[in-house]
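**Q** sequence and predicted structure are below.
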Amino acid sequence: MILTGVLLAVFGLGLVGWFAARGRARLLYTGRGSMHSMPAYHGWHMALWILVPALLAWGVWSAIMPGLVEGAVFADPAAASLPTDPMTLGAIVSEAHNLASDPSATAFNPEARVLVEPIRAAQGRFGLIGALLVMVVAIAGGGYGFTRIRADFRARTQVERAVMALLLAASLMAVLTTFGIVGSLVFEAGLFFKDVSPIAFLTGTHWSPASTMGANINDNFGAVPLFWGTIYIGAIIAMIVAIPLGLMSAVYLTQYASGTMRKWLKPMLEILAGIPTVVYGYFAALTVAPMIRDFAASMGMQNPSTESALAAGLVMGVMIIPFVSSMADDALAAVPRAMSDGSLALGSTKSETIKKVLLPAALPGIVAGVMLAISRAIGETMIVVMAAGAAANLSANPFASMTTVTYQIVQMLTGDQEFNSPKTLSAFALGLVLFVVTLILNIVALRVVKRFREAYE
Amino acid sequence: MSKSDWNSPEAAKRIARRNASERRFKMIGLGAIVLSLSFLALLLVIMLKNGVTGLDWSFLSGSDSTNASVAGVWGATKGSLLTMGVTLLLSFPMGVLAAIYLEEFAPRKRWIEWIEVSINNLAAVPSIIFGLLGLAVFINTLGMPRSSPLVGGLTLALMTMPVIVISGRNAIKAVPPSIREAAYGIGASKVQTTFHHVLPLALPGILTGTIIGMARALGETAPLLMIGMRAFVATPPDSLNSPSSVLPMQIFLWSDEIDKGFVQNTSAAIIVLLVFLLAMNGIAIYLRNKFEVRW
């Protein structure tokens, strides 16, 4: 495409402009203090004047060119014989576009062949116009930039202003992402709630989105079993594993371990956090789940399922241990030394000091850490996808198969469905719930941590 | 004899009891660490035992196949490399520039706080939500090709950027003010000070954070599942737009196969992925130890 080529030409021109302007500025140098800016800044100033307007022109032209091509093609006599039905017309035009860019492509509509030549001609014509336009803008910008090179011109100030704009734009990317997440979730979930009432969704206890035959669609989208499964696996079973192990690890590492021991054990513990969740999921499905099934069978359960809430929750808990441990580590470190020293001076042993003084004093920080850990566990996907199962059960039996919000999001969006059915859209509604819950957990936890730190400062 | 007498048998018993409870508590702490680490050891041993025999040249150079004995991991590795390339190219400059702005230039205003809050929250948003964003924006709205390294890289870049911003800000914060003051003192502008003096000194820290963020992105599966990167791809991708798989996705797909041969393949692919991650983390630790300056 000529437009891609012209992009390279513009960058080449920018490079040439940089050297030209720097060379010109060097000639102006007559001695200390004779110039405001260093020659390289004149180079950057010139390069910016070439690149920025030309890239803007390129962007605008790339956006409007398809419309212009379309218009020219329909004005062509070859297009007069085409069917007027918009569906077939759209198919023919898109096939013709494929043929124009790749002659070996297959076309099902013979009419598409007729359009290839007009499309090629129009693309060539408008591409050339666009390329010329972009080059003219680049040269004009460069010419203007070149005329401004003078000894007293404040090139550095100008360039630094551009740098500031770039920095600000990069920071705004984060806000844009947040808006993108909220916007897309709210929009798609809104489409879902047009079909299904939000109250039925949040309070219903029957989840079977696949059965579209039901009398009332509201009856099939009750998400309570999903919420229960998520809480049971992520906030109960996983935390029963992660809180004692993580907390005791942190206590041992900060209070008892020697310097070298700490130096070795802490990174090893952190490897647990670095293992990809898909590996944990496979481990849960391959090793832990069969072990738990056999255990359940030996306990006298009838037909225990391979997929169990316990398997997913256990493995998830292990994954979270380093996270809880490092949060507890921070919380313990924030307690002033004087408090434990006071307790030790009164004659209590180290373990008594930890149990009666340190842990109570660090409790707000630890609770906040646990909240962050829960928010991480309920958003975890791969372990539950591989080990927890698809059945929406409202049960407290840890050996039962149970499903979670994240599992259902994956389930709804993989495979071939039409995009706008309530079934696929329900994934976005579930995503919205997940996003809001994790957001609240995070905000509350961060606030608790902040207040806790301030209390001891 | 009073109870408080230190030499009484009661006191000796009490002290012995307290010492025993002290030892018990310490043992529980050590036990917690040992238990956690033994889980890690068990996981690694099982993967090695199942997978190490499958690691040969044809496995490392082949692509996915329905036949377990000829299936290989190169196609997925190449997809991972392309995806990570896109992610790094986008998230690193963006993250560093945003960190510089927030740490060095941002005025103390209300809307700057919004940027900070949204970055901190994005770092804690579940990864699957980024997948939903990628699906809704890149694929459904902008019409980019499904299951391509381009969309995967874009999605993971949005996820990785907050991590880089946060570690970048910490690294920049750690550069002492005296460096800046010295630069101002010889007439450097604020931008010159930042880019010529502060940034080079903060770079090792920023790179460490970037590598850790990239390692996380490399092991990520859930967001890529959302944008359709679970197709069966029998040839390595040859461009950013062609359908492709990535290593963690290959592991997930193989783990679902019924054929026994795929157990070995899955474990072998896990070993390959873990070796990559270990190497990346090793580089990060090396960088930190080698270049980190304690001011």
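**A** Everything's here; your move.

**Q** spit out the contact partners of A:Met268.
**A** By Cβ atoms under 8 Å, 6 or more residues apart in numbering or on different chains, the residues touching A:Met268 are B:37, B:40. (Each C-beta comes from the backbone N, C-alpha and C, glycine too.)

**Q** tell me which element B:Phe25 falls in.
**A** Per DSSP states H and E: B:Phe25 is located in helix B:9-51.

**Q** so after that helix, what's the next helix or strand?
**A** Downstream of helix B:9-51, the first helix or strand assigned by DSSP H and E is helix B:57-61.

**Q** that following helix - what's its average pLDDT?
**A** Helix B:57-61 comes out with an average pLDDT of 84.

**Q** list the buried residues in it.
**A** B:Phe59 (16 or more other Cβ atoms under 10 Å in any protein chain shown).

**Q** so does the helix holding B:Phe25 get close to chain A?
**A** Yes - using Cβ under 8 Å from any Cβ of the partner chain, helix B:9-51 reaches chain A at B:18-19, B:21-22, B:24-26, B:28-33, B:35-37, B:39-40, B:42-43, B:46-47.

**Q** so which elements touch that helix?
**A** Applying 3 or more Cβ pairs under 8 Å, 6 or more residues apart in numbering or on different chains; DSSP states H and E, we find helix B:9-51 packed against helix A:238-251, helix A:259-274, helix A:277-283, helix A:309-334, helix A:350-353, helix B:261-291.

**Q** quick one: work out the angle between the first one and helix A:259-274.
**A** With axes from the mean of the first three to the mean of the last three Cα atoms, to 10 degrees defining the directions, helix A:238-251 sits at 160 degrees from helix A:259-274.

**Q** read off the pLDDT value for A:Ala105.
**A** Predicted confidence (pLDDT) for A:Ala105: 65.

**Q** which non-adjacent residue is nearest residue 237?
**A** In the absence of a named chain, chain A is used. Spatial nearest neighbour of A:Ile237, excluding adjacent residues (Cβ to Cβ, 6 or more residues apart in numbering or on different chains): A:Gly313 at 2.7 Å.

**Q** try chain B instead
**A** In this structure, B:Pro237 finds its nearest non-sequential neighbour in B:Ser244, 3.5 Å apart by Cβ to Cβ, 6+ apart.

**Q** coming back round to it: now restrict the residues of helix B:9-51 next to chain A to buried residues only.
**A** The neighbour count (16+ other Cβ under 10 Å) marks B:25-26, B:29-30, B:32-33, B:35-37, B:39-40, B:43, B:46-47 as buried among the residues of helix B:9-51 next to chain A.

**Q** who's in contact with the residue of the stretch 351-457 of chain A found nearest chain B?
**A** Nearest residue of the stretch 351-457 of chain A to chain B (Cβ to the nearest Cβ) works out as A:Gly379 at 2.4 Å. A:Gly379 sits next to A:406, A:434, A:438, B:125-129 when contact means Cβ under 8 Å, 6+ apart.

**Q** ok, B:Gly95 - contacts?
**A** Residues near B:Gly95 by Cβ under 8 Å, 6+ apart: A:170, B:160-165, B:168, B:210, B:213.

**Q** if you set the cut-off to 6 Å instead, what comes out?
**A** Contacts for B:Gly95 (Cβ atoms under 6 Å, 6 or more residues apart in numbering or on different chains) come out as B:161, B:164-165, B:168.

**Q** of these, which is the most crowded?
**A** Of all these, the highest neighbour tally under other Cβ atoms under 10 Å in any protein chain shown goes to B:Val165, namely 34 neighbours.

**Q** kindly provide the distance from that one to A:Arg337.
**A** 33 Å (Cβ to Cβ, to the nearest Å).

**Q** give me the below-cutoff pLDDT ranges for chain B.
**A** Within chain B, the segments meeting pLDDT under 70 span B:1-4, B:295.

**Q** mind jotting down where the helices sit in it?
**A** With helices called from DSSP state H, chain B shows them at B:9-51, B:57-61, B:74-100, B:110-122, B:127-134, B:149-173, B:177-185, B:190-193, B:199-218, B:222-226, B:247-255, B:261-291.

**Q** flag every buried residue along the last one.
**A** So the one you mean is helix B:261-291. For helix B:261-291, by 16+ other Cβ under 10 Å, it's B:262-274, B:276-277, B:280-281, B:284, B:287-288.

**Q** in stretch A:94-102, what counts as buried?
**A** Neighbour counts over stretch A:94-102 (16+ other Cβ under 10 Å) mark A:95-100 as buried.

**Q** is it up against chain B anywhere?
**A** No - with Cβ under 6 Å from any Cβ of the partner chain as the criterion, chain B is not reached by stretch A:94-102; the gap is at least 11.5 Å.

**Q** that'll do, ta.
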